[in-house]
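Novice: Okay, here's the prediction I keep looking at, along with the sequence it came from:
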Amino acid sequence: MKNQIIAVLGLGLASILLVQCKGGVKEDLPPVDFEAIEKSQPEVHGTLIKDEDMTLGSPLNEEWVKGGENIYNLKCLACHKLTEEKLVGPGWKGLTKKRQPAWIMNMITNVEAMLESDPEAQKLLEQCLVRMPNQNVSKEEARQILEFMRKNDGEM
């Protein structure tokens, strides 16, 4: 008898909940204009970094390596592999051996300026067929990413 009462109360409660939730949430929200949002938040570009502005230390700064790895996992992993394999963008293995540190940092922080003026960046665009989006990475964050890239290339 007790079980029957509990079953009836449970079915009654379930019925009430189903009736109350039948309509769902009906809000007439305007569609989101993502292009307008992007235009209202302009990309921030600094001046191009020069080779003489760069000093690479040895041994690697492990704090920067860890910070660079965190940024990579958050902003770069979807398009770049740590091997030579191309995903959306080129793989990172060996990159610090092929390119100057300032070039790498400029591609990270000033991709539009690099694509406009740098022949190597333009060749990469032809190969990858996709412009690298601006991730609004600061120079300090780009330096940490560079340190992570150096570690990925076997530097100590």
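Specialist: In hand now; what should we look at?

Novice: When you work out contacts or count neighbours from here on, use the C-alpha atoms and nothing else.
Specialist: OK.

Novice: and stretch 126-144, which residues are buried?
Specialist: 131-132, 134, 137-139, 141-144 (16 or more other CA atoms under 10 Å).

Novice: okay, how far is it across it, tip to tip?
Specialist: 27 Å (CA to CA, to the nearest Å).

Novice: Kindly report the same for stretch 71-86.
Specialist: Terminal residues of stretch 71-86 are spaced 19 Å apart (CA to CA).

Novice: From the chain's centroid, how far away is it?
Specialist: Mean C-alpha position of stretch 71-86 versus that of the full chain (CA atoms, centre = their mean, to the nearest Å) differs by 9 Å.

Novice: which stretches of the chain form helices?
Specialist: Remark: helices assigned in the chain by DSSP state H are 2-21, 34-40, 62-71, 95-98, 101-109, 111-117, 119-128, 139-152.

Novice: As CSV, these with distance to Gly89 and mean pLDDT would be great.
Specialist: Shown next, in CSV, are the helices of the chain (distance: least, CA to CA, whole Å; pLDDT from 0 to 100):
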stretch, distance to Gly89, mean pLDDT
helix 2-21, 46, 74
helix 34-40, 22, 63
helix 62-71, 16, 98
helix 95-98, 12, 96
helix 101-109, 12, 96
helix 111-117, 13, 93
helix 119-128, 6, 94
helix 139-152, 15, 97
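
Novice: would JSON lines of those helices with distance to Thr47 be doable?
Specialist: Below are these laid out as JSON lines (distance: least, CA to CA, whole Å):
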{"stretch": "helix 2-21", "distance to Thr47": "56"}
{"stretch": "helix 34-40", "distance to Thr47": "21"}
{"stretch": "helix 62-71", "distance to Thr47": "21"}
{"stretch": "helix 95-98", "distance to Thr47": "21"}
{"stretch": "helix 101-109", "distance to Thr47": "9"}
{"stretch": "helix 111-117", "distance to Thr47": "9"}
{"stretch": "helix 119-128", "distance to Thr47": "17"}
{"stretch": "helix 139-152", "distance to Thr47": "10"}
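
Novice: do you know how far the residue nearest to Lys139 when sequence neighbours are not counted is from Leu115?
Specialist: Sequence neighbours aside, Thr109 is the residue nearest to Lys139 in space, at 6.7 Å (criterion: CA to CA, 6 or more residues apart in numbering). Noted for Thr109: a distance of 12 Å to Leu115, by CA to CA.
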